[in-house]
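Peer 1: Show me how the following folds:
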Amino acid sequence: MNALRRHRALTRIWASDPGWRGWFTTVNHSDLGRMFLLLAVVYFFIGGILAMLIRAQLASPRSPFMGADVYNQIFTMHGTIMMFLFAIPLFEGLAVYFLPKLLGARDLAFPRLTAFGFWCYAFGGSMLLFALVAGIAPDSGWFMYPPLSSTLGSPGINPDFWLIGITFVEVSAICAAVEITVSILRYRAAGMSLSRMPIFAWYALITSLMILTGFPPLILGSLLLELERAFGMPFFQVELGGDSLLWQHLFWLFGHPEVYIIFLPAAGVISTILPVMARTTLLGYGWVVVAAIALGVLSFGIWVHHMFATGIPHLSLAFFSAASTLVAVPTGIQVFAWLGTIWKGRPHMHLPMLWIVGFFATFVIGGLTGVMVAVVPFDWQVHDTAFITAHLHYVLVGGFVFPMLAALYYWMPHMTGRRRFFKLGETAFWLVFVGFHGTFLLMHWVGLLGQRRRIDTYDAGSGWEVINLISSVFSFIMAIGFVLVLIDVVVNAAVKSRGPRNPWRAGSLEWAMPIPPPAYNFASLPLVTSRDALAASSDLAVRLAKGEGYLGAPRQNQRETLTVDIATGTPNSIVVYPRNTALPMLMAFVTGGMFLGMLIKAYWLVPLAGVGIIAFALRWVWTLGHRSDLGPQDAGHGLMLPYATEVEDPPGWWGSVFLLLANATFFGCLLFGYAFLWTVAPNWPPPAWAIASWPMLGAVVTGAILGPIGIRRAIGAVRREGSPALALGITMIGCACLILSGLSVLMSMPDPTRHAYDATVWVLGGYVLFHTGLAILMTGFLVARAKTGFMAPGRLGEARIVQLWIDYAACISLVAVSATFAPGLLS
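Peer 2: Just a heads-up that it's a prediction; the model follows:
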């Protein structure tokens, strides 16, 4: 088969459906990546319009431009859109589009999960946009502090749009994080060990793990606040044992890592593009990786520096102040590695390099002001002033938007196959750069003069008038620059001016394919022997097009790629991807129905949507696997590999591991909140503790023993070619016992509105019931799979996935029951 015939055959296999239908049925990562990026850019411009409205309001004292109520909605939605609907989805889109190309794969690990995540993002964001257009947008700030956001301060539906819409969007983020993590660890080119991974892949891996552990605290906080607003569970009401500071802890457990979740992908872009612009390799690759890991870890230990003004103990102030300053060390390592890369190379001031230089000038200022606010006495002076707003924008715009614009101009030839014809980008850069610094440098000044953030007006004679007016003028200059960037991209993408395949002479794998890239990425998969595979083998693109790599011969119209060993990159299985389907969009739509039911208080819609989700999920997983052993298959170069369905740890097993990591973080934050209220909140102890009964304790112990033992005996029976029916029955009995223990937890406190303890017990019980019910559902699924021939000694991956979830359900049941009844037993 020659290269042209191979291209046509692979295109038939991998192409999305034609016409408008393809938008709703595609599971191709390139299509979905473009959809993520396009929608994120739309939200960026919507957020930018809201920012211009804010600056127009503050340009003069006592401005009649808009009232306080409208202003509160505008600034709340500006922060919400930029943080939740632009920054994180833009990273997700960039990773979804480019990671398989950088890693030498044909797609991500779970294409349908990518599509499901996108539609959750689209539907969740549309909820918030509807609220904005309808004049009922959230108005309590993008941080939603209670009691301002509780029914005491906001009795209307406004905060509910934030709590439910953002949680829906965060489902998308969790999906993308699982997808990206598993893809980086398992879906790489043959021979691509961890030490040979592209530096952007390291940053994306760290960021995804941070999402899995950083987003659950906010999901929990949103759930608790919505339960308080909807059902009166007093988690944040002081007189009933709650504490509004619990929200701040949960929010900033998410919020501070969020800053680094936004920065680290941008740092990965800098580490990828800068060596290409400097005609050299990245200085200190290993040090940069270690610094990025350290930054990710440290970011979870300094959330309290957002709460220095809340009256926390002095010892805590000292600890978190020192920890906040320590973050400068790994950040400095990366900055000096980048400067060293420039020093040892020969930098060319192409447009991407211009944005990188702008990043250096801007981000360093943001980092220095960050060190300033880590000092407690200074933070007390500038807390909640415009100085903090300016610092935040220097970090997020300078540290994220500028590098992403560098990425736009660096990879635009790859995405379009065309070179730049009109040179508007340089003019746009200077307008944005000058406009940004003119806007936010002055905001530092006016903040030091005492102007509070989040105010809709101020009095004449305060000394802020001229500063605010000049700042607003520069903000519109910046806005013109961003519009010019958009015009530049659209015009150059439309002009049919073909460019070379590798205009930057880069050495990474994404340039070893035709541009714009075909749906299948690589006609055959590469064997990697160095970190810069294309630089090491200049004819690599031609050899891959000729089918000289792995999986070069299309087989049975299957979409195939390789999985590899995590550490060494040795190929270990062949994955067959699902075809185009509308199932992810339909499942996201039904999931949106569940969130919509909670929003409009149509609670009958929630279980109805839940049944729909279960039905779609069963359909989703039933299409996987096969009823017979297919054995090793020819992967090319004489390598025989099994299909992923015939290995012990299939991709779904790894996906479950990382999904359970996020799940366990959520549960750990729930226990943290319980302990915080117990030890810090006033009006404790509660009126009564839950009292355990011996039958209930026996049920949870029995279930925690029978469930894990039963599923293991079922796997053992299948290995011996026996029947797993009896063992699966034992598993079901164990799960039923765990359900009884969850019901006992709920029944021990019949009125969850009486006290925060009672409400917490209900959440613990509900968490147990959800996971034990899921375990029973999964066990029933295994029974059906066994009866229809999908389980065999060589096909145990599904059973091992179910084992993970049953073990988790047993563990959290024991912990939840102990946390509920231990205080009563001890007292």
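
Peer 1: Show me where the stretch 651-800 of the chain has its helices.
Peer 2: In the stretch 651-800 of the chain, the helices defined using DSSP state H, counting those that start in this stretch lie at 651-679, 694-719, 725-748, 756-787, 797-826.

Peer 1: ok, now the stretch 401-550 of the chain?
Peer 2: For the stretch 401-550 of the chain, the helices defined by DSSP H, counting those that start in this stretch occupy 402-416, 425-448, 465-494, 533-536, 540-545.

Peer 1: Residue 795 and residue 652: what is the separation?
Peer 2: Applying CB to CB, to the nearest Å, the value for residue 795 to residue 652 is 12 Å. Where C-beta positions appear, they are placed from N, C-alpha and C, glycine not excepted.

Peer 1: which ones are touching the residue nearest the centre of the chain?
Peer 2: In the chain, the centroid-proximal residue (CA atoms, centre = their mean) is residue 173; its distance is 3.3 Å. Applying CB atoms under 8 Å, 6 or more residues apart in numbering, we find residue 173 in contact with 88-89, 92, 117, 211, 215.

Peer 1: The same query, at a cut-off of 10 Å, please.
Peer 2: Contacts for residue 173 (CB atoms under 10 Å, 6 or more residues apart in numbering) come out as 84, 88-89, 91-92, 117, 120-121, 166, 208, 211-212, 214-215, 219, 261, 662.

Peer 1: can you give me the mean pLDDT across the host helix or strand of it?
Peer 2: Assigned by DSSP states H and E, residue 173 belongs to helix 158-186. Across helix 158-186, pLDDT averages out at 96.

Peer 1: now that helix against helix 651-679, angle please.
Peer 2: If you take axes from the mean of the first three to the mean of the last three CA atoms, to 10 degrees, helix 158-186 sits at 140 degrees to helix 651-679.

Peer 1: per-domain residue ranges of this structure.
Peer 2: Listed by automatic domain parsing, the domain ranges of the chain are 3-13+27-237+244-494, 645-826.

Peer 1: mind checking the end-to-end distance for the first one?
Peer 2: Start to finish, the residues bounding domain 3-13+27-237+244-494 are 28 Å apart (CA to CA, to the nearest Å).

Peer 1: Give me the buried positions along stretch 484-500.
Peer 2: In terms of neighbour count (16 or more other CB atoms under 10 Å), stretch 484-500 has its buried residues at 484-485, 488-489, 492, 499.

Peer 1: Just the closest of those residues to residue 181, please.
Peer 2: Within the buried residues of stretch 484-500, the smallest distance to residue 181 is 30.3 Å, found for residue 489 (CB to CB).

Peer 1: Residue 594 contacts residue 123, correct?
Peer 2: No: Residue 594 is not in contact with residue 123 according to CB atoms under 10 Å; the separation is 11.1 Å.

Peer 1: Find residues that contact each of those two.
Peer 2: By CB under 10 Å, 6+ apart, residue 594 and residue 123 have these common neighbours: residue 168.

Peer 1: who has more neighbours, these two?
Peer 2: Each of residue 594 and residue 123 has its neighbours counted (other CB atoms under 10 Å); residue 123 has more, 22 against 19.

Peer 1: how much space is there between the more buried one and residue 578?
Peer 2: To residue 578, residue 123 is 22 Å away according to CB to CB.

Peer 1: So which of the helices of the stretch 651-800 of the chain is nearest residue 223?
Peer 2: helix 756-787 (7.7 Å).

Peer 1: Name the residues of that closest one that are buried.
Peer 2: Under the neighbour-count criterion of 16+ other CB under 10 Å, helix 756-787 has 756-769, 771-776, 778-779, 781-783, 785-786 buried.

Peer 1: do stretch 61-76 as well
Peer 2: For stretch 61-76, the buried set under the neighbour-count rule, 16+ other CB under 10 Å, comprises 66, 70-76.

Peer 1: Check the residues you listed against residue 815 and report the nearest one.
Peer 2: Of all the buried residues of stretch 61-76, residue 76 has the smallest distance to residue 815: 36.5 Å, by CB to CB.

Peer 1: ok, the closest residue to the closest one other than its chain neighbours - contacts?
Peer 2: Nearest residue to residue 76, sequence neighbours excluded (CB to CB, 6 or more residues apart in numbering): residue 138, at 4.8 Å. Counting by CB under 10 Å, 6+ apart, residue 138 makes contact with 72-73, 76-77, 79-80, 128, 131-132, 144, 149, 154, 157-163, 165-166.

Peer 1: do you know how far residue 138 is from residue 236?
Peer 2: Using CB to CB, residue 138 is found at 17 Å from residue 236.

Peer 1: repeat for residue 796
Peer 2: Residue 796 is 46 Å from residue 236, by CB to CB.

Peer 1: Same check on residue 818?
Peer 2: Using CB to CB, one gets 25 Å for the distance from residue 818 to residue 236.

Peer 1: Please identify which of the two sits among more neighbours.
Peer 2: residue 236 (27 against 13).

Peer 1: Residue 102 is in contact with residue 187, correct?
Peer 2: No: contact criterion CB under 10 Å: residue 187 and residue 102 do not qualify, at 11.1 Å.

Peer 1: Next, show the common contact partners of residue 795 and residue 652.
Peer 2: By the contact definition CB under 10 Å, 6+ apart, residue 795 and residue 652 are jointly contacted by 625, 645.

Peer 1: tell me, how many neighbours does residue 707 end up with?
Peer 2: Residues near residue 707, counting by other CB under 10 Å, number 30.

Peer 1: oh sorry, the question was meant for residue 353
Peer 2: When neighbours are counted by other CB under 10 Å, residue 353 registers 20.

Peer 1: Just the CA atoms of whichever strand or helix holds it, as CSV, please.
Peer 2: Using DSSP H and E, residue 353 falls within helix 351-373. Extracted in CSV, the C-alpha atoms of helix 351-373 (Å, rounded to 0.1, in the frame of the first residue of the first chain):
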residue,chain,number,x,y,z
LEU,A,351,5.9,37.0,16.8
PRO,A,352,5.6,34.1,19.3
MET,A,353,8.9,35.2,20.8
LEU,A,354,7.5,38.7,21.2
TRP,A,355,4.7,37.4,23.3
ILE,A,356,7.1,35.4,25.4
VAL,A,357,9.2,38.5,26.1
GLY,A,358,6.0,40.3,27.1
PHE,A,359,5.3,37.4,29.4
PHE,A,360,8.7,37.8,31.1
ALA,A,361,8.2,41.5,31.7
THR,A,362,4.6,41.1,33.0
PHE,A,363,4.8,37.9,35.0
VAL,A,364,7.9,38.9,37.0
ILE,A,365,6.0,41.9,38.2
GLY,A,366,3.1,39.7,39.2
GLY,A,367,5.4,37.4,41.0
LEU,A,368,7.1,40.2,42.9
THR,A,369,3.7,41.6,44.1
GLY,A,370,2.8,38.0,45.0
VAL,A,371,5.8,37.9,47.4
MET,A,372,4.7,41.2,48.8
VAL,A,373,1.2,40.0,49.7
